[in-house]
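[1] just the structure for this:
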Amino acid sequence: MPPKIAIIAALPREIAALVRGVEPHVTFERRGVLLYEMPDAVIVAGGMGSHRATQSFEAARAVAHITTVISVGLAGACSAGLAAGELAEAAMVIEARTGERYAGASTESHVLVSSDAIAGVKDKNRFAEAYGAAMVDMEAATIARLAAAHGVGFRAIKAISDGHEFEMPSLGLFADHNGHFRTGAFAMHTALRPQQWGKAIELGRGSKHGLAKLHEMLRKLMAESGS
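    Predicted coordinates:
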């Protein structure tokens, strides 16, 4: 198998612009993992959380010799140093449950904490105070641990979807059994609650701008990998 980079996200929308026109691998799709084989990369969206991130990593390794794995997708800001719509790469990734730490490739000082649930404001504040965290996600620490175990290079590059003071408690209600976000159900829930419209618009705007920057950077990395 030729060497490739692996780009691993949680949600299909986090990689959609990179795989447009490409069909996912049928075998893994049956398991709820969307895996796309590209000329210079394996791109995966396998769902939210540690278990789904593990399945995504294993799927990528099953189809290619992986040299570097990049944990990508949306993350929430834990401090005022990052704003919604920005792009950030982690210098350190910390597993919130165990305190385990993994080095990233960034020369910046951003610390990323991986939590086992979508973080609210209290969680963001706690991670900022305990670890100096700049952002929080749910998968990067698992990917980092697996990369270290298999001698694979690791990076974590995140699009910031929401600021450190943003909270929308209903978000945690819409993960399905495969760890994917039920966008339609969330949209219906929000449509019936006008008091949440402003928050939903704010989250959507931040996610859109951040993902556009993320996709641009990943295209460059894929081109460099193939050159």
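
[2] can you tell me how far the closest residue to E37 other than its chain neighbours is from E89?
    Spatial nearest neighbour of E37, chain neighbours left out: V63 (6.1 Å); criterion: CB to CB, 6 or more residues apart in numbering. All C-beta atoms are positioned from the backbone trio N, CA, C, and that covers glycine. Going from V63 to E89 by CB to CB, to the nearest Å gives 26 Å.

[3] ok, D123 next?
    According to CB to CB, D123 stands 22 Å off from E89.

[4] what helices and strands are in contact with the lengthiest strand in the chain?
    What stands out as the longest strand in the chain, according to DSSP state E, is strand 65-77. Secondary-structure packing of strand 65-77 (3 or more CB pairs under 8 Å, 6 or more residues apart in numbering; DSSP states H and E): strand 3-9, helix 50-63, strand 135-137, helix 140-149, strand 153-162, helix 197-226.

[5] if you set the cut-off to 6 Å instead, what comes out?
    Applying 3 or more CB pairs under 6 Å, 6 or more residues apart in numbering; DSSP states H and E, we find strand 65-77 packed against strand 3-9, strand 135-137, helix 140-149, strand 153-162.

[6] that older thread, count the residues that sit near the residue nearest to E37.
    By the criterion of other CB atoms under 10 Å, V63 has 18 neighbours.

[7] quick one: pLDDT of it?
    V63 carries a pLDDT value of 94.
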